[in-house]
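Peer 1: how does the following fold in three dimensions:
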Amino acid sequence: MQTKTFLIFTSFIFIISCSTISDFYEPLSPPEERGYHVIRLGKNEKPKIYYSNNFDYDIDELLSEHFFCLGFVNYNGVDEDITFDISQHCKEIGATIAIYTRGYTDTRYGTTDYGVYSIKRYDYHIAYFVRFTDDVGFGLEFLNLNSEDRQLYKRNTGALVYIVYKNSPAYFANIVKNDIIVKIDNKEIANANDAINILYLVSEKKKIELEVLRDGDIKIITLEQ
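Peer 2: Purely as a prediction, here's the structure:
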């Protein structure tokens, strides 16, 4: 009877685990389509896979290190080692680095003719990356202010700093994530596209001046290339 119970339990595990990671993959726009030059995983290379205790922070760190996020996987599954599956998926999509985390959600119970079983469930989160080789200019990426941002910062215009690339002019000038750029070289910034376009127009300059909103105060910060 114990053998039969074990076979039923393991069969159940197999049924709920048969989906592959790639079934849950949500790709972002390919970097090549957005003009990036990236280094994909080579044929004989092994991807680097890391478990993260602070998923959002580690994503920000990789982005600031000149990595591009290819996409995400989010799913709920049983307690299992998924590193091999992540490695295989990296090879499929050309990712050189993947980070993952998981968090316990619940324990599910059931009964069979041979007894009661229980299975712990976890939310898994995976992010995939490749390095890009393009010049980052002054070293900033932006987002538009969303409704929560507008309420929090009491303003409707400006560009929210999303990424500060390490070792860039912005990095050494101590621009930080969540700063709001309100002016570039005395030109008003309405949104993220404004900031991107104006930075492109001044990209040949050696020095530019930013008006930055941080913690309710306006700061004037100079970036030098």
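Peer 1: what is the least confident helix or strand in the chain?
Peer 2: helix 2-17 (a mean of 44; mean pLDDT, DSSP states H and E).
Peer 1: quick one: strands adjacent to the helix or strand following that one?
Peer 2: Downstream of helix 2-17, the next assigned helix or strand under DSSP states H and E is strand 25-27. Sheet pairing here is set by DSSP bridges, and for strand 25-27 it gives strand 67-78 (antiparallel).
Peer 1: which of the residues in the partner strand are buried?
Peer 2: 67-71, 73, 77 (16 or more other Cβ atoms under 10 Å). In short, each C-beta sits where N, CA and C put it, glycine included.
Peer 1: do stretch 152-159 as well
Peer 2: 158-159.
Peer 1: how much distance is there from that stretch to the middle of the chain?
Peer 2: Relative to its chain's centre, stretch 152-159 lies at 24 Å (Cα atoms, centre = their mean, to the nearest Å).
Peer 1: residues contacting residue 67?
Peer 2: Counting by Cβ atoms under 8 Å, 6 or more residues apart in numbering, residue 67 touches 97, 129-132.
Peer 1: ok, now residue 47?
Peer 2: Here residue 47 is in contact with 41, 86-87, 90-91, 95-98 (Cβ under 8 Å, 6+ apart).
Peer 1: what is the longest strand along the chain packed up against?
Peer 2: Secondary structure of the chain per DSSP state E: the longest strand is strand 115-132. Packing partners of strand 115-132 (3 or more Cβ pairs under 8 Å, 6 or more residues apart in numbering; DSSP states H and E): helix 2-17, strand 38-39, helix 55-64, strand 67-78, helix 83-93, strand 97-112.
Peer 1: which ones are touching residue 148?
Peer 2: With Cβ under 8 Å, 6+ apart, residue 148 has no contacts at all.
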